[in-house]
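Engineer: Model the structure of this input:
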Amino acid sequence: MGETPLFHVERLRDLKQSLWIALIFIFLRGCMNRITKKKLEATRKKRGLKVEVDKLQEEIWLVVCGTLFSICSGYLISNSPNFKGCNLFKTSECYAAFTTATGDVPKEIKIYYLTEVGWYLSLMTKSLFGVGRFDSFVMEFHHVITLGLVIWSYTTGFTQRIGVIIFFIFNQSNPLLHLSKLTNYMEWKTSRVYLFLLFASVFFVSRIILLPLIGIRSTFFEMKQGVTEEAWNGAVVYTWCTTNSLLVALWLLNIYWLQPIIRVIKRNLSGMDGGRPQDDTVTIDNAKTK
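Structural biologist: Just a heads-up that it's a prediction; the model follows:
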């Protein structure tokens, strides 16, 4: 085997497709905003809600897209022949079908990765295009780390299959968070409490427990076993260091979010907000006790 390249040039070129995918997301979001604006405005006035329409549109969009990504990643893992012997319960075979010397990525995995890159690009630029709200700086930092990890995984090494499994772990809590925020803005007092408790449970199990137990454990211990010693001493060791550093950073960021999540649960159960929706009632990145 010759010297293993750190970056696959053809994969770097593929990322141009993600720019178009991001623009498609932005366009679809703009269409959704236009279609739903009048109806949501009428509902807001009828129910006497104080929340702005753009907040309702934001949560509806994130619930729909988050659910689709959760379904797609789960479908790939459970039905694609590329994931034979690679799943949540067995990750040692996730590296077996790839060689670091080839630039080939299975088509369905390639499409999924490029779509995820386009999605995160759209999240980071939606406010610039006037179709979405600017996220908090903590959330934008999360987007940057995630985008860097996804691009690194796609353009280097052979971590795409374990990458889809990690995507699946992350994707489970996203739609539940935004659904709980939507019910909060709609002032559905009972539903918002149960939905946020459900979100908090899924968040803890998936991002605090399963991420290190399955994802980080696999990339930390099993990646080296999937390549030759020559490949490891070449470029793979850099893939190992960067991948694990970014994954641990994301895990620590999720641990940081546990404190405001617990605070939000206390607010919901104690009725501290008097039944009125507060941005920090279900926004895990900047919840504050008032």
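Engineer: what separates the spatially closest residue to Gly226 that is not a sequence neighbour from Val193, distance-wise?
Structural biologist: What sits nearest to Gly226 in space, not counting adjacent residues and going by C-beta to C-beta, 6 or more residues apart in numbering, is Tyr95, at 2.8 Å. (Glycine included, C-beta is placed from N, CA and C.) Applying C-beta to C-beta, to the nearest Å, the value for Tyr95 to Val193 is 43 Å.
Engineer: Give me the distance between the host helix or strand of Asn33 and the centre of its chain.
Structural biologist: Assigned by DSSP states H and E, Asn33 belongs to helix 9-47. A distance of 17 Å separates the C-alpha centroid of helix 9-47 from that of its chain, computed with C-alpha atoms, centre = their mean, to the nearest Å.
Engineer: continuing past it, what's the next helix or strand?
Structural biologist: Using DSSP H and E, the next helix or strand after helix 9-47 towards the C-terminus is helix 53-79.
Engineer: Counting by contacts, list what that following helix packs against.
Structural biologist: Packing partners of helix 53-79 (3 or more C-beta pairs under 8 Å, 6 or more residues apart in numbering; DSSP states H and E): helix 9-47, helix 107-125, helix 160-171, helix 174-185.
Engineer: Name the residues of that helix that are buried.
Structural biologist: Across helix 53-79, burial judged by 16 or more other C-beta atoms under 10 Å covers 53, 55-63, 65-67, 69-70, 72-74, 76-77.
Engineer: Just want the angle from that helix to helix 9-47.
Structural biologist: 130 degrees (axes from the mean of the first three to the mean of the last three C-alpha atoms, to 10 degrees).
Engineer: tell me the mean pLDDT for helix 53-79?
Structural biologist: In this model, helix 53-79 has an average pLDDT of 96.
Engineer: just the angle between it and helix 160-171, please?
Structural biologist: Using the same axes, to 10 degrees: helix 53-79 against helix 160-171 is 140 degrees.
Engineer: distance between helix 53-79 and the chain's centre?
Structural biologist: 10 Å.
Engineer: Determine the angle, from 0 to 180 degrees, between it and helix 174-185.
Structural biologist: 150 degrees.
Engineer: Just the buried residues of stretch 223-231, please?
Structural biologist: Across stretch 223-231, burial judged by 16+ other C-beta under 10 Å covers 223, 226-227, 231.
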